[in-house]
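> Below are the sequence and a predicted model for it; my questions follow.
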Amino acid sequence: MPARTPPEVHRLFEAAFNAGDLEAILALYEPDAVFIAGDRSLKSHEAIREFYRVSLASGARMKLETRAAVESSDGIALLHGAWCWVRRIRPQA
């Protein structure tokens, strides 16, 4: 499901990440998107897929809060968010 508003992108991303849904994460990226990960620029869906494949394989979960959303008159949006890893606590046996 596509986002209807820029802040909705963060909600959809958080839900897809926490569900481990790699395809839903990638669907949020334009085909020519560039993803900056530390000092690396990932310039293809395949490179972005590999980055998230590793992250999702760890079982990590996240919390994402939209701090600001700015949209231009021609539909370009800039989102600023704060995120953190959420530790999964395993029940004791």
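Received, thanks. Please read all numbers here as calculations on a predicted model, not as lab measurements.

> what's the residue nearest in space to the middle of the chain in contact with, if anything?
Taking Cα atoms, centre = their mean, the centroid of the chain lies closest to residue 13, which sits 4.3 Å from it. Each residue near residue 13 by Cβ atoms under 8 Å, 6 or more residues apart in numbering is listed here: 25, 28, 64. Every residue, glycine included, has its C-beta placed from N, CA and C.

> Go through those and say which is closest to residue 18.
Relative to residue 18, the closest of the contacts of residue 13 is residue 64; by Cβ to Cβ it sits at 9.4 Å.

> can you pull the pLDDT of the closest one?
If you check residue 64, the pLDDT there is 94.

> That one: which element?
strand 61-71 (DSSP states H and E).

> helix/strand/coil for residue 83?
At residue 83 the chain is in strand, as set by DSSP: H, G, I helix; E, B strand; the rest coil.

> could you list every residue that touches it?
Residue 83 sits in contact with 62-65, where contact means Cβ under 8 Å, 6+ apart.

> picking up where we left off before, could you confirm the residue nearest to the centre of the chain falls within a strand?
No - with three-state DSSP as the criterion, residue 13 is helix rather than part of a strand.

> Report pLDDT for residue 80.
87.

> The residue nearest to residue 84 when sequence neighbours are not counted: what's it in contact with?
The shortest distance from residue 84 to any non-neighbouring residue, by Cβ to Cβ, 6 or more residues apart in numbering, is to residue 63 (5.4 Å). Contact partners of residue 63, counting by Cβ under 8 Å, 6+ apart, are 14, 83-84, 86.

> now residue 23
For residue 23, counting by Cβ under 8 Å, 6+ apart, there are no contacting residues.
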